[in-house]
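> sequence and predicted model, in that order:
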Amino acid sequence: MKLHSKVKGKGQSLIILHGFLGMGDNWKTLANSYAKEGFEVHLVDQRNHGRSPHDDAFSYDLLAEDLKQYLKEKDIGSTSIIGHSMGGKTAMRFATLYPEQVDKLIIVDIAPKYYAPHHQQILEGLTKISEAKLTSRSDADELLSNYISEKPIRQFLLKNLYWKTQDELNLRLNLKALKQNIEEVGKGLPQNAKYSGEILFIKGGKSDYITTSDESDMGTHFDNFEIKSIENAGHWIHAEKREEFFGMSLKYLKS
C-alpha cells in the first residue's frame, strides 16, 4: 500500500505516526520545529486515514508492513519514529519486526497492552456526519456535539472534513473499515514480540492510558525503556503541551 505523506526539512529522517482517527497533518506545527533542528520529517497518513488508500483489512502487522514499504519507497535505511496512540502501537510492532530499521523510538501515551474498544460514541457521531450530506463545518460541529461535549476533541476530529463536491462535505476516514476492525485497534503486541533498542514512553499526567501496572508488561517486550510524564496533559500531549513535549522529545532524539 502506497501511503500518503508530507515531508518537511532535510537531514536525519524522522517518521511521525498519528493516532486513531487522526492524520499526519495533526503534527504539522511540531514537524516544522523538528525540521528546523535538522530532521527530515515524514508526516505519514496510515491506511484508512487522511489521504492514504482505503482498505477493508486492518491490523498492526499490516500497518507495520505499510511502513516498511514506505521506507523502501523513500530509500530510507533506518529512521527514528514518534508514534502517538494507535501510531505508537504501529511503531512498537514495527520495531519488534524490523529492529535494524529503527534508530530512536518515542511512544506517546500508549502501552503495548490490549485496550477495550472505547471510541464507539465518536464513531457513531462521525457516521452521522458522513450520512448527513452537510454543507458547512459549523453544522458538522453542531451534529458532533450531540456525541462529544469536549470542543478540542471535536475540532481534532473535524480536521477530517473535506469538500467531496463543490457543496458537500465528507470525511477522509474509511469509517466502515475502522468500525469493522475496532477490536484490532485495541489489540496488544503479540506475547513473543521483543525489541532491545532504546524506547522513550511519554505519558500525559492526566491520562490513564499508561498506568504503573503497565510497566511490568512493557518489561516483557522491551529491555531498554524509560517512561516520562508531562504534568497536566491528557492523551493528546503533543497538542496540549506542545513546547514541553517538543523539548523532551528533541533532547531524546539528539541524545
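Nice, I can see it.

> how about the helices in the stretch 1-150 of the chain?
28-36, 60-73, 86-97, 120-131, 137-144 (DSSP state H, counting those that start in this stretch).

> could you dump those helices to TSV with distance to residue 151?
C-beta here means a position set from N, CA and C on the backbone, and glycine is covered the same way. Output for the helices of the stretch 1-150 of the chain, formatted as TSV (distance: least, CB to CB, whole Å):
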stretch	distance to residue 151
helix 28-36	19
helix 60-73	30
helix 86-97	22
helix 120-131	13
helix 137-144	8
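
> nearest to residue 178, of these?
Minimum separation from residue 178 across these (CB to CB) falls at helix 120-131, 7.0 Å.

> so for that closest one, what gets flagged as buried?
122, 123, 125, 126, 129, 130 (16 or more other CB atoms under 10 Å).

> ditto for stretch 3-21
3-6, 8-9, 12-21.

> next: stretch 86-106.
Those would be 86-98, 101-102, 104-106, for stretch 86-106 by 16+ other CB under 10 Å.

> need the max-distance pair from the buried residues of stretch 3-21.
Farthest pair in the buried residues of stretch 3-21, by CB to CB: 12 and 21, 29.2 Å.

> rounded mean pLDDT for stretch 25-44, please.
Averaged across stretch 25-44, pLDDT comes to 97.

> what does stretch 176-194 give?
95.

> and for stretch 220-235?
96.

> now the terminal residues of it, how far apart.
End-to-end distance of stretch 220-235 (CA to CA, to the nearest Å): 24 Å.

> and the helix or strand of the chain with the lowest mean pLDDT, what does it pack onto?
Every helix and strand in the chain was compared by mean pLDDT, DSSP states H and E; the lowest is helix 151-157, with a mean of 90. Applying 3 or more CB pairs under 8 Å, 6 or more residues apart in numbering; DSSP states H and E, one finds that helix 151-157 contacts helix 120-131, helix 137-144.

> ok, back up a step: wait, which of the helices of the stretch 1-150 of the chain is closest to residue 227?
helix 86-97 (12.6 Å).

> alpha carbons of that closest one, in CSV - could you do that?
Provided in CSV are the C-alpha atoms of helix 86-97 (Å, rounded to 0.1, in the frame of the first residue of the first chain):
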residue,chain,number,x,y,z
MET,A,86,-2.5,3.8,17.5
GLY,A,87,0.6,5.2,15.8
GLY,A,88,2.6,4.2,18.9
LYS,A,89,1.2,0.6,18.6
THR,A,90,2.3,0.6,14.9
ALA,A,91,5.7,1.9,15.8
MET,A,92,6.2,-0.8,18.6
ARG,A,93,5.1,-3.6,16.2
PHE,A,94,7.4,-2.2,13.5
ALA,A,95,10.4,-2.1,16.0
THR,A,96,9.8,-5.7,17.1
LEU,A,97,9.7,-6.9,13.4
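
> what helices or strands is it leaning on?
strand 12-17, helix 60-73, strand 79-84, strand 102-108, strand 195-204.

> so it versus strand 79-84, what angle?
If you take axes from the mean of the first three to the mean of the last three CA atoms, to 10 degrees, helix 86-97 sits at 140 degrees to strand 79-84.

> how's the chain carved up into domains?
Here the domain parsing of the chain from automatic domain parsing is 5-114+187-254, 120-180.

> out of these, which one sits most buried?
domain 5-114+187-254 (a mean of 19; mean count of other CB atoms under 10 Å).

> centre of the chain to that one, how far?
7 Å (CA atoms, centre = their mean, to the nearest Å).
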